[in-house]
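[1] give me a model of this one.
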Amino acid sequence: MSTVTVLAATGKTGRRVVRALAHAGHTVRAASRSSACRFDWDDDSTWPDALAGADAVYLVADESEQQLERLERFV
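    Next up, the predicted model:
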């Protein structure tokens, strides 16, 4: 099975995705600003560790101009 990093893993949607992926047998890296695997859109230095070794990433992002700029750097 694959390793999936779930961004915003402590949020309403993220925690459900974490549970479903783990139940399906995937290795899940739950990432958020407050989790052991830290990820913060406003801190690019948190991105590499959260993504290291991941085969896939689950993310939800708003469509604000600021978020679209972050997504361009992220992808």
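
[2] shaky segments in the protein?
    Residue ranges of the chain with pLDDT under 70: none are present.

[3] need the strands for it, in chain order.
    For the chain, the strands defined by DSSP state E cover 3-7, 27-32, 37-38, 56-58.

[4] among those strands, which is nearest residue 69?
    Evaluated with C-beta to C-beta, the strands of the chain place strand 3-7 nearest to residue 69, the distance being 16.5 Å. Every residue, glycine included, has its C-beta placed from N, CA and C.

[5] which other helices and strands does that closest one contact?
    Strand 3-7 is packed against helix 12-23, strand 27-32, helix 47-51, strand 56-58, with contacts defined by 3 or more C-beta pairs under 8 Å, 6 or more residues apart in numbering; DSSP states H and E.

[6] list the buried ones in that strand?
    Buried positions in strand 3-7, judged by neighbour count with 16 or more other C-beta atoms under 10 Å: 4-7.

[7] what distance do you get for the closest residue to residue 4 other than its chain neighbours to residue 7?
    Among residues not flanking residue 4 along the chain, residue 56 sits closest, at 4.8 Å (C-beta to C-beta, 6 or more residues apart in numbering). Going from residue 56 to residue 7 by C-beta to C-beta, to the nearest Å gives 11 Å.

[8] next one: residue 19
    15 Å.

[9] list the contacts for the residue nearest to residue 4?
    Applying C-beta atoms under 8 Å, 6 or more residues apart in numbering to residue 56 gives the contacts 2-5.

[10] residue 6 against residue 17, yeah?
    Yes - proximity of residue 6 to residue 17 meets the contact threshold set by C-beta atoms under 8 Å, at 5.3 Å.

[11] any residues in contact with both of the two?
    What both residue 6 and residue 17 touch, as defined by C-beta under 8 Å, 6+ apart, is the set residue 58.

[12] beta partners of the nearest residue to residue 54 once chain neighbours are set aside?
    Spatially, and ignoring its direct neighbours in sequence, residue 54 is nearest to residue 5 (4.2 Å; C-beta to C-beta, 6+ apart). Beta-bridge pairing for residue 5 (DSSP bridges): residue 29, residue 57.

[13] from here on, count from 31
    Will do, 31 is the new start, and the previous item becomes residue 35.

[14] now the common contact residues for residue 86 and residue 37.
    Here residue 86 and residue 37 have no joint contacts, going by C-beta under 8 Å, 6+ apart.
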